[in-house]
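Undergrad: Got a sequence here, can you build the structure:
(2 chains)
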Amino acid sequence: MSIDKNSGRMLIRIGGEAGQGLETVGEMLAKALIRSGYEVLATQNAMSRIREGHNYFSILTGTEPILGPEEEVDLLVAFTQETVDLHKDVLSEQGMVLIGPDMEDQGLRSVLSVPYSDLAEDKIMANVAALGVISAMIGLNQELVSGVVQDALGSKHHDLLPKNLQALDNGIQWSGRQSIDFQPLPEGAASQSRLAINGNEAIALGALAGGVNFCSFYPMTPATSVALNLISQADELGVVCEQAEDEISVINMALGASFCGARSLVPTSGGGFALMGEGISLAGMTETPIVIVLAQRPGPATGLPTQTEQGDMELALASGHGEFPRAVMAPGNAEECFHLTIKALDLAERYQTPVILLTDQYLASSIRAVQRFDLSSINIPQAPTAQSDELESYQRFAWSENGVSPRLIPGAGTHLVVADSDEHTPDGHITEDHQVREGMVDKRLKKLEGLVQEIIPPAYTGDDDPQLLLMTWGSSQGAVLEAAAALRHQGQSVATLVFSQVWPLDPGNFEGYLYKAESVISVEGNATGQLAKLIRRETGFQVHEQVLRYDGLPLTATQILRQLQS
Amino acid sequence: MVSIEDFGQYETAWCPGCGNFSILTCVKKALAGKGIAPHQVLFASGIGQAAKTPHYLNCNMFNGLHGRSLPVATGARLANPELTVIAESGDGCMYGEGGNHFLAALRRNVNITMLVHDNQIYGLTKGQASPTSGLGHVTKAQPHGVQLEPIHPLSVAIALQAGFVARGFTGMQDQLVELIQGAIDFPGFALVDILQQCVSFNHVNTFKWYKERCRPLEKDYDPSDWQAAMVRSQEWGDVIPTGILYTNRSRKPYEDVLSVSSHGPLYKQERSMEGVKAAMQVFA
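TA: Now for the predicted structure:
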């Protein structure tokens, strides 16, 4: 069983070594497709374990919505022999391979050797010549592609632009002179003004829209580009971005800033997040807002640093010693990355507690076509009350009905703001009084009740009493939704339950669906079924089966269907 | 007018005779003398007996984790460059658990005053060796005597071209007040390492021991001479020099280089949605 391909859907894969400009050409191609009205899902892979530097960029495109990655390649653009070796077995029936002049065709059915040295004056521009060849083959408008190249190179590398445009044109012209048996894309939708954006970029944009003005970070794949995107706007929009000496410093610095009225966000991956553990607990104790982006990659330890996994949900749920409230969001696509970042910032600010945003390498680095985000509807949460000296007295941790105490900014008025990582009295000073201790624990945990009221319930789609319910979370949602669509197409009764927030949970939002389905299968990008375990802990419900992937690659609909069948 | 009384008087958890009392008094005197009111200053401290100091004076305070006062102070000062920010903790907290932050803070040169209560021992955990304990110092945890070379915090700071590097002693309070004020005035990162007695757990480096050795630097000592400062910072024998060992005015405070901080406290800066719209355009 495999997916019924939507007509005209095409997977283009560009592979080679680091330094051959694969990312540049991949991003330009994705942008050109999006501007031409096509849907796009572009993913990056760096397979450092096979040979140093073998990278590939996969662009799935077509006229129908694309939710998750696919496996069969229709057009393989190989800049190295290794690329042909590694990917020839996943070529589709009509799959075609473009190779360089010095490479072997290995007897593959449909191969085209491109004379890059004739097309590009400089070897380094072979990638742009390839872009010309590809765009002509798939039927993109020449001027539009040339506009994308101009936008990409124009501002930074203006001097290189004429030669690159020449290489592009040479590629297009050369392609036109060949008789190539390759089916171009069907006509794209009317050109719309959409964004070509990946998860990390959407998070950075959401952070800016949500009022982030402080970001400390320590470089760690695949989270770093969240910080880099903020840095690129830092001077213009007023964001302090600081590369710290380690992740322990990162979180403590962000908390110091937040205590003084900044809105702080820190991006990291599993190892760095583990180092932040004590700081996350400190945020809980001092009731200081903080948003932590945990972009997962396969562990344990250094694991597969450039690949993907959903293995850190339990870490996010349990990080930090002691008991304190938190929320854990798990966006499933670029749109959710944007909106849930804003939601995370808002919750952190209003509940004065840590909020974690769980993504992964696949989501962080895949580019999709999305509608422009509507900024008019965003309300940046109020900064903590800049001090009013009218208040007679002030206590940072004053008892309150909902557990939330008014926050003031130190130095903004004459009231003193005192916070302590020790258990403390309402005025923030150290105490070892058992009654106060119990009261303060209750006060902090009381905030969880408010967080529960603001949960994003899991999205349920499908029949009321389905034969099969596929349950998933985070970035695996796309593959699951596509697998479900394929099964429905074959006449099966299938529903999906997708969590984009994994903590807190309110079983009332979803428990009924679990019992109504004949069979519930949890689909996750990890080895132990962490969502399934969480659901069992919170509801007692044991899923019937699991589809798990933990080889470093994102789940695909094809793979889910394959596992369901076996 | 700010007076020492504005900073209040509180019951403490310290042993009678602890050097912390003198430091607390000197801190209050230094702030009052500079006209800095309690609400204009933020203390970031770690964990240990020294780290409790901000609890015993009126001030804004973030008493955070062991070893992490400098990152908190850094974030606070970058978020609000109008605040006087002081990181205060003990030698174990600042040089041991927080050693990497100490190095980074020296290099970063944010306008923070770092006050280290240096009694060469862990007090709160009852007498283990600290990063500044002398070679051979016998404790319950180091029964064969300390074998690790002490950290020499002033030499480390001078090696990294810190802006203001000073040593004080709880038995020389007038000088200590001046050193703390000098550190607050200094535009950049300023370290005052304060030698103090631990009456309960350090029976080697007692008040008498320090008293016999601590001597103010000569009047004609030139703290801008890096090599001389390096040599003097290594003096630790019959004479231990106190005062400003090194000043380096060639570096700008870090926040002066950040364009964002130069616009004042972050909480007063509004986000422009037009700006966010322009940022979104990058992806179109």
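
Undergrad: CA atoms for contacts and neighbours, from now on please.
TA: Fine.

Undergrad: so who does residue A:160 touch?
TA: Contact analysis of residue A:160 by C-alpha atoms under 8 Å, 6 or more residues apart in numbering or on different chains lists residue A:153.

Undergrad: just the strands in chain B please.
TA: Assigned by DSSP state E, the strands in chain B fall at B:41-45, B:60-63, B:84-90, B:113-118, B:164-169, B:190-195, B:214-216, B:240-247.

Undergrad: try the stretch 51-200 of chain A
TA: A:54-62, A:73-78, A:91-99, A:111-113, A:194-198 (DSSP state E, counting those that start in this stretch).

Undergrad: Chain B is nearest to which of these?
TA: Ranking the strands of the stretch 51-200 of chain A by proximity to chain B (C-alpha to the nearest C-alpha) places strand A:194-198 first, at 4.4 Å.

Undergrad: Adjacent strands (with direction) for that closest one?
TA: strand A:367-371 (antiparallel) (DSSP bridges).

Undergrad: nearest spatial neighbour of residue B:23, skipping sequence neighbours?
TA: Of all residues not flanking residue B:23 in the chain, residue B:170 sits nearest, at 6.4 Å (C-alpha to C-alpha, 6 or more residues apart in numbering or on different chains).

Undergrad: hang on, isn't that neighbour packed against residue B:24?
TA: No: using C-alpha atoms under 8 Å as the test, residue B:170 is too far from residue B:24 to be in contact (10.0 Å).

Undergrad: which of the two has more neighbours?
TA: residue B:170 (24 against 17; other C-alpha atoms under 10 Å in any protein chain shown).

Undergrad: what residues are up against the nearest residue to residue A:430 once chain neighbours are set aside?
TA: Setting aside the residues directly before and after it, residue A:430 is nearest to residue A:424 in space (C-alpha to C-alpha, 6+ apart), at 4.5 Å. Listed by C-alpha under 8 Å, 6+ apart, the contact partners of residue A:424 are A:430, A:431, A:432, A:436, A:437, A:440.

Undergrad: Can you tell me which of those has the most neighbours?
TA: Most neighbours among the contacts of residue A:424, by other C-alpha under 10 Å: residue A:440, with 21 neighbours.

Undergrad: contacting residues around that residue?
TA: Counted by C-alpha under 8 Å, 6+ apart, residue A:440 has contacts A:423, A:424, A:425.

Undergrad: what's the answer for residue A:15, then?
TA: Contacts here follow C-alpha under 8 Å, 6+ apart; on that basis residue A:15 touches A:22, A:54, A:55, A:56, A:57, A:76, A:77, A:78, A:79, A:80, A:83.

Undergrad: And the third one, how far from residue A:86?
TA: In this structure, residue A:55 lies at 11 Å from residue A:86, with C-alpha to C-alpha, to the nearest Å as the measure.

Undergrad: Tell me which of those two has more neighbours.
TA: Comparing residue A:55 with residue A:86 by other C-alpha under 10 Å, the one with more neighbours is residue A:55, at 21 against 12.

Undergrad: Verify the stated contact: the more buried one with residue A:20.
TA: No: if you go by C-alpha under 8 Å, residue A:55 and residue A:20 don't touch, sitting 9.6 Å apart.

Undergrad: Test my guess that residue A:190 contacts residue A:37.
TA: Yes: the pair residue A:190 / residue A:37 is scored as a contact, 5.8 Å apart, by C-alpha under 8 Å.

Undergrad: remind me, longest helix of the chain?
TA: Going with chain A. With secondary structure taken from DSSP state H, chain A has its longest helix at helix A:434-453.

Undergrad: Sorry, I should have been clearer: chain B.
TA: Secondary structure assigned by DSSP H gives helix B:20-34 as the longest helix of chain B.

Undergrad: and it with strand B:84-90, angle?
TA: If you take axes from the mean of the first three to the mean of the last three C-alpha atoms, to 10 degrees, helix B:20-34 sits at 170 degrees to strand B:84-90.

Undergrad: who touches helix B:20-34?
TA: B:2-4, B:7, B:14, B:37, B:50, B:53, B:56-57, B:117, B:170, B:173-174, B:176-178, B:180-181, B:196.

Undergrad: Try it again at 6 Å.
TA: B:2, B:3, B:4, B:170, B:177, B:181 (C-alpha atoms under 6 Å, 6 or more residues apart in numbering or on different chains).

Undergrad: residues in contact with the first one?
TA: In this case it means residue B:2. Contacts of residue B:2 by C-alpha under 6 Å, 6+ apart are B:32, B:35, B:37.

Undergrad: circling back: want to try JSON lines for the strands of the stretch 51-200 of chain A, with distance to residue A:557 and mean pLDDT as columns?
TA: Compiled in JSON lines, these are given as follows (distance: least, C-alpha to C-alpha, whole Å; pLDDT from 0 to 100):
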{"stretch": "strand A:54-62", "distance to residue A:557": "13", "mean pLDDT": "94"}
{"stretch": "strand A:73-78", "distance to residue A:557": "15", "mean pLDDT": "96"}
{"stretch": "strand A:91-99", "distance to residue A:557": "16", "mean pLDDT": "93"}
{"stretch": "strand A:111-113", "distance to residue A:557": "28", "mean pLDDT": "94"}
{"stretch": "strand A:194-198", "distance to residue A:557": "20", "mean pLDDT": "96"}
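
Undergrad: how would you label the residue located most distally from the centre of chain A: helix, strand or coil?
TA: Distance from the C-alpha centroid of chain A peaks at residue A:392, with 46.6 Å (C-alpha atoms, centre = their mean). Classification of residue A:392 using DSSP: H, G, I helix; E, B strand; the rest coil returns coil.

Undergrad: Let me see the confidence value for it.
TA: Looking at residue A:392, its pLDDT reads 85.

Undergrad: re earlier: what separates the longest helix of chain A from the chain centre, distance-wise?
TA: Counting by C-alpha atoms, centre = their mean, to the nearest Å, helix A:434-453 is centred 32 Å from the centre of its parent chain.

Undergrad: Now the element after it, going C-ward?
TA: strand A:459-461 (DSSP states H and E).

Undergrad: strands paired with that next one, and their directions?
TA: With DSSP bridges as the test, strand A:459-461 pairs up with strand A:494-499 (antiparallel).

Undergrad: So for the partner strand, mean pLDDT?
TA: Throughout strand A:494-499, pLDDT has a mean value of 98.

Undergrad: and what of stretch A:408-425?
TA: 96.

Undergrad: Out of the contacts of helix B:20-34, flag the one nearest to chain A.
TA: Among these, and counting by C-alpha to the nearest C-alpha, the member closest to chain A is residue B:2, at 13.1 Å.

Undergrad: how close does the closest one get to residue A:17?
TA: Applying C-alpha to C-alpha to residue B:2 and residue A:17 gives a distance of 67 Å.

Undergrad: Low-confidence stretches in the stretch 101-250 of chain B?
TA: Scanning the stretch 101-250 of chain B for pLDDT under 70 picks out no residues.

Undergrad: In it, what residue lies closest to chain A?
TA: residue B:104 (6.3 Å).

Undergrad: who touches that residue in this structure?
TA: By C-alpha under 6 Å, 6+ apart, residue B:104 has no neighbours at all.

Undergrad: separation between it and residue B:162?
TA: Relative to residue B:162, and taking C-alpha to C-alpha, residue B:104 is found at 11 Å.

Undergrad: same question, residue B:253
TA: Separation of residue B:253 from residue B:162 (C-alpha to C-alpha): 11 Å.

Undergrad: now do residue A:366
TA: 44 Å.

Undergrad: and what of residue A:266?
TA: 28 Å.

Undergrad: Equivalent analysis for residue B:251, please.
TA: For residue B:251, the distance to residue B:162 - C-alpha to C-alpha - is 9 Å.

Undergrad: Comparing these two, which shows the higher neighbour count?
TA: For residue B:251 versus residue B:162, neighbours defined as other C-alpha under 10 Å are more numerous around residue B:162 (27 against 14).

Undergrad: how deep is the closest residue to that one other than its chain neighbours tucked in, by neighbour count?
TA: What sits nearest to residue B:162 in space, not counting adjacent residues and going by C-alpha to C-alpha, 6+ apart, is residue B:106, at 5.5 Å. Here the number of neighbours of residue B:106 (other C-alpha under 10 Å) works out to 22.
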